[in-house]
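Asks: Just to be clear, the model below is a prediction. Sequence and coordinates:
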Amino acid sequence: MGSTTASRLDVGGMVRIARERVVARLREAEVVAAALSAGRNVVLEGPPGTGKTTLLRSLADGAGVPLVLVEGNAELTPTRLVGHHDASRVLSEDYRPENFVPGPLTRAMTEGALLYVEEFNRVPEETMNVLLGVLSEREMHVPRYGRVAARPTFRLVAAMNPFDAVGTARVTPALYDRSCRVAMGYQDEHAELDIVAAVTEGPAELVTQAVRAVRITRDSPELRIGASVRGAIDTVLIALELAVVRGTGTDGDTGLDAALAALTGKVTLADGVTRPVEDVVADIWRRAGEEPGKA
């Protein structure tokens, strides 16, 4: 079912596609591409909305290999990850390789894909252990199915948000020992302005205020978790639609209402903060609308 030895990937092709598609991530793209090409697995650490999935899609396309995405959560059992036999067919055919339904890990191994597991630190320990075994041996044995060997281009990329420990598990040092770690923080303000402007085509003043607002949320003492650039994108898009509905501009209550809808669900109040999240976001939105020197 394939070789157990990793092979090099097209590092030049990966970087070229990433340069075309990802804003202000060339350094990270080069490092991740080099690690994958060298046959290494990668741990990407960074908050949501920092372009991890976009980067991985670009690298997979550049390397000419599939990308298999898995959402990490408490329901990701070994069976869901590896696969299972079709129960209805087992009743009539007994256990046979033909009635095995491969899970994302099996598909990624046999296709030679990049297996991208989001929120890896939310995965149950027993499921992590299955993955660690595959990283060590590049193969696994599936009961009543047989040996599954990884094709040469198979790699694991595990993504984690280091700032959100709620509902997460401690990741074993064995994962880091078998992987290379790359940190992906928020892009700078100029890059985020370019992203929001490109996605929304909104007016410059609104885009600027939305980007400033999400950046303020990340440093606000009243918030434990701030918003990503997705919050700015949503704010601009909602404000544009609200302006059409109301027949107004995007400033004033229209911009504020858009920000409340876009941001209040994306931020988390800090411990001990008693006032409503709507009040916190409203203050941040007004502050973001001030002159740059006062924001």
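Replies: Yep, it's here.
Asks: any idea which residue of the chain is furthest from its center?
Replies: Note on the chain: the largest separation between a C-alpha and the mean C-alpha position, by CA atoms, centre = their mean, falls on Ser92 (41.2 Å).
Asks: Averaged pLDDT, the helix or strand where that residue lies. What do you get?
Replies: With the criterion set as DSSP states H and E, the secondary-structure element containing Ser92 is helix 87-93. Across helix 87-93, the average pLDDT comes to 74.
Asks: re the thing from before, return the distance of the residue farthest from the centre of the chain relative to Leu263.
Replies: Going from Ser92 to Leu263 by CB to CB, to the nearest Å gives 54 Å. Every residue, glycine included, has its C-beta placed from N, CA and C.
Asks: Longest helix in the chain, by number of residues?
Replies: helix 229-246 (DSSP state H).
Asks: okay, now the domains of this structure?
Replies: Described in terms of automatic domain parsing, the domain architecture of the chain consists of the residue ranges 11-183, 189-288.
Asks: What is the neighbour count of Ala204?
Replies: Per other CB atoms under 10 Å, the neighbour tally for Ala204 reads 9.
Asks: Assess the claim that it and Val196 are in contact.
Replies: No - with contacts defined as CB atoms under 8 Å, Ala204 does not count as touching Val196, sitting 10.2 Å away.
Asks: Any regions of the stretch 101-250 of the chain where pLDDT drops low?
Replies: Scanning the stretch 101-250 of the chain with the threshold set as pLDDT under 70 gives 163-170.
Asks: could you pull out the helices for it?
Replies: Read by DSSP state H, counting those that start in this stretch, the stretch 101-250 of the chain holds these helices, from start to end of the chain: 104-111, 125-137, 173-177, 189-200, 204-217, 229-246.
Asks: And these: which comes nearest Ala150?
Replies: Set against Ala150 and scored by CB to CB, the helices of the stretch 101-250 of the chain come closest in helix 104-111, at 4.3 Å.
Asks: what angle sits between that closest one and helix 125-137?
Replies: Here helix 104-111 runs at an angle of 10 degrees relative to helix 125-137 (axes from the mean of the first three to the mean of the last three CA atoms, to 10 degrees).
Asks: How far away from the center of its chain is helix 104-111?
Replies: The chain centroid and the centroid of helix 104-111 are separated by 20 Å, computed with CA atoms, centre = their mean, to the nearest Å.
Asks: Quick check: buried residues in it?
Replies: Residues of helix 104-111 classed as buried by neighbour count (16 or more other CB atoms under 10 Å): Pro104, Leu105, Thr106, Ala108, Met109, Thr110, Glu111.
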